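Here is a sequence together with a model predicted from it:
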Amino acid sequence: MDAVQRIAQLRAEIERHNHAYYVLDAPIIPDVEYDRLFRELQVLEAQHPELLTPDSPTQRVGGKVLEGFVSVRHAVPMLSIRTETDTEDSGAFNFDTRVRNALGTLGGEIEYACELKFDGLAINLRYERGVLVQAATRGDGETGEDVTQNVRTIHCIPLRLSGCEAEVIEVRGEVYMSRRDFERYNDRQRALGLAALVNPRNAAAGTIRQLDPALAARRALSFFVYGLGEVQGWALPATHSGILDALQSFGLPVCADRAVVRGAQALAGFHHSIATKRDALPFDIDGVVYKVNDIKLQSELGFVSREPRWAVAHKFPAEEQLTIVRGIDIQVGRTGKLTPVAKLEPVFVGGTTVSNATLHNEGELRRKDVHIGDTVIVRRAGDVIPEVVGVIQERRPADAKAFVMPATCPVCGSRVVREEGEADARCSGGLFCAAQRKQAILHFAGRRAMDVEGLGDKLVEQLVDENIIRSLPDLYRLDTATLAALERMAEKSAQNIVDALGKSKNTTLNRFLFALGIRHVGETTAKDLARYFGNLNAIMQADNERLLAVPDVGPVVAQSLVDFFGEQHNRDVVQHLRELGVHWEEHEGTSMQVLPLFGKTFVLTGTLTALSRDEAKSRLEALGAKVAGSVSKKTDYVVAGAEAGSKLDKARELNVPVWDETELSELLGRCETI
């Protein structure tokens, strides 16, 4: 196969995988295989620069920063549509009445195409002979800006249409940022101490309208098609829904949440159905759109005041509003995180009245420069906690007050700490802090910790709310009568809990360490600590230097342990638990280097029959092995049981040795007799 054929083959294959991943959200191959294909194409194009074309998937990210945007005059104006701000059913009925009056069909039902009104940035994509040649913003409707280089970085937008050879076809749609990608980007920004994006809509618009395509590539944007601009050399389908079906067949992303209905009542029904699922959508919308489905009827209806008579946007309640910050409180979360919360003048936003909004952390509060007394923009989207996204600086009163973060926890009085490189301040109170009590108890009783069967969320909530449990040792002071007196708790269930608590007293050092919920100390670290030190007193007395001698314990984990056991109230909790009968076997400690499987990494996948995955993991770790959750080049062995899936495939790709359960059992047997 010559270079021309191979390049064409690679481009088609890569675009097929792009469509599966970015449009269908159903990847066909693992990332490592995609990367291999992409690198092969890059090498071939570098060897044959004369074969490089603008529609190659390697050309999605432009190189140089733009000096400015060139103006683009739209061949067909990008007009706005009328908005129905009445969020009740009358919005749908008013539109249907206007359409039937204009058509003179008061007695008949009209067929409509119903879609979502995306909260992003409108874009016009121009394809010539199936190849993307230009992308432009709406602008003033007549003239927009050429943003082709930035739009090319959006992977769900095909650089070449599949099966469309129209001389010219312009498609129109919305560039948006999904809620997941928005939160991920902001989490990264906050972790780096950088400014977060205000909201998904501003994120999409700001990304497209900035001059560095490389920055656009780092922000994951998406796109949905909803209409057409100029068309030459393509016979239009008879309906709007048919047009969208055709565009989807060309490889363009079309939102699945659309419907064809008849009559006003069905329009209102669509509005209701989308309103109920709005919060669960992966992207922001601010309403729905109704369009007369028949293209001929659209032409007959025409336009009024540069708005089509055949379409309308039926809005939902606004998700951003202005209000005033009346105060700033500190909320201590279940993990000890301190979050500044703005106490607001109540405002109706996103379908509910909001009086509190998160400020995330001190860094965000400072960057946004929020003062008590400020007029602020509050956003509520979906199930996301309302947040202050910006300040109207010109409205700041003379007596506005800056907020100062406390040095001690407002709940328990413990020191407030912030680890190096972290944005969040935390209460160091741990087991002592009432705000962290429920989470601490649930973690302590968890299956991988003390394994107290039956001690779930609702019961813990009752025990804490009724002040029966104030700290972990109180668990082992519970009796049947106290538990049986609780709501929805019979005497038999109460006795089962008491029995489970009694059984949990006989545990292991690593389980107990993990159960204490020490920050950064997970199951594996707890096992390493227990194996290395052998007894709890040695761990509690160890300094940073001694802790750093434990394999895989770094400076952050070591400092976390020193801080935890440096608090007298945490040491008191441990002492009281031991006095109440919690016990484990202790020894002098073992250097992991002498264990037979030290330095080996295993991955378990599929169903094991002779022993459970947890048992296999426990026995491997007792022999010094590390049991990882994913396969990489550092994996030494993959143990595959029945119905093994993608991990087995990955092992074969990376040539990692694959064992069956028999080989694992033989290894465990040999090593455990050493």
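Arrived safely, thanks for sending.

and the helix or strand where residue 514 lies, C-alpha only, in PDB?
With secondary structure defined by DSSP states H and E, residue 514 is part of helix 509-515. The C-alpha coordinates for helix 509-515 follow below in PDB (Å, rounded to 0.1, in the frame of the first residue of the first chain):
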ATOM      1  CA  LEU A 509      -4.200  -3.000  62.400                       C
ATOM      2  CA  ASN A 510      -4.500  -2.000  58.700                       C
ATOM      3  CA  ARG A 511      -8.300  -2.000  58.800                       C
ATOM      4  CA  PHE A 512      -8.300   0.100  62.000                       C
ATOM      5  CA  LEU A 513      -5.900   2.600  60.500                       C
ATOM      6  CA  PHE A 514      -8.000   2.900  57.400                       C
ATOM      7  CA  ALA A 515     -11.100   3.200  59.500                       C
END
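
I would like the residues contacting it, please.
Helix 509-515 is touched from outside by 443-446, 448-451, 507, 521-523, 526-527, 529-531, 534-536, 539, 582, 584-586, with contacts defined as CB atoms under 8 Å, 6 or more residues apart in numbering. Using the backbone N, CA and C atoms, a C-beta is placed for each residue, glycine as well.

Type out the ChimeraX command that picks the buried ones from the residues you listed.
Written as a ChimeraX command, the selection of buried residues from these, which uses 16 or more other CB atoms under 10 Å, is:
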select :443,444,445,446,449,450,507,521,523,526,527,529,530,531,534,536,539,582,584
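
So which of the contacts of helix 509-515 are in strands?
Applying DSSP state E to the contacts of helix 509-515, no entry is found in strands.

centre of the chain versus the helix holding residue 514, how much separation?
With CA atoms, centre = their mean, to the nearest Å as the basis, helix 509-515 stands 30 Å off its chain's centre.

from now on call the first residue 25
Let's use 25 as the start, then, which means that last one is helix 533-539.

Next, the buried residues of it.
By 16+ other CB under 10 Å, the buried positions in helix 533-539 come out as 533-539.

same question, stretch 621-635
Buried, per 16+ other CB under 10 Å, within stretch 621-635: 621, 624-630, 632.

now swap in stretch 241-255 and tell me
241, 243-253, 255.

thinking again about what came up before, what is the nearest of the buried residues of stretch 621-635 to residue 452?
The closest of these to residue 452 turns out to be residue 625 (CB to CB; 34.0 Å).

Quick check: the closest one touching residue 645?
No: using CB atoms under 8 Å, residue 625 is not in contact with residue 645, being 11.2 Å away.

what residues do those two have in common as contacts?
The contact sets of residue 625 and residue 645 overlap at residue 651 (CB under 8 Å, 6+ apart).

burial count for residue 579?
11 (other CB atoms under 10 Å).

do residue 595 as well
Residue 595, neighbours per other CB under 10 Å, totals 13.

And for residue 524?
16.

how about it, what does it touch?
476-479 are the contacts of residue 524 under CB under 8 Å, 6+ apart.

so what's the residue nearest the centre of the chain closest to, chain neighbours aside?
The structure's the chain has its C-alpha centroid closest to residue 204; by CA atoms, centre = their mean the separation is 3.8 Å. Nearest residue to residue 204 in three dimensions, chain neighbours excluded: residue 306, at 6.2 Å (CB to CB, 6 or more residues apart in numbering).

Same question for residue 327.
residue 333 (6.5 Å).

Repeat that for residue 44.
residue 52 (4.9 Å).

dump the residue contacts of the one you found.
Here residue 52 is in contact with 40-41, 44 (criterion: CB under 8 Å, 6+ apart).

hang on, isn't residue 254 packed against residue 192?
Yes: the criterion here is CB under 8 Å, and residue 254 meets it with residue 192 at 5.7 Å.

Having no further points to raise, I will conclude here.
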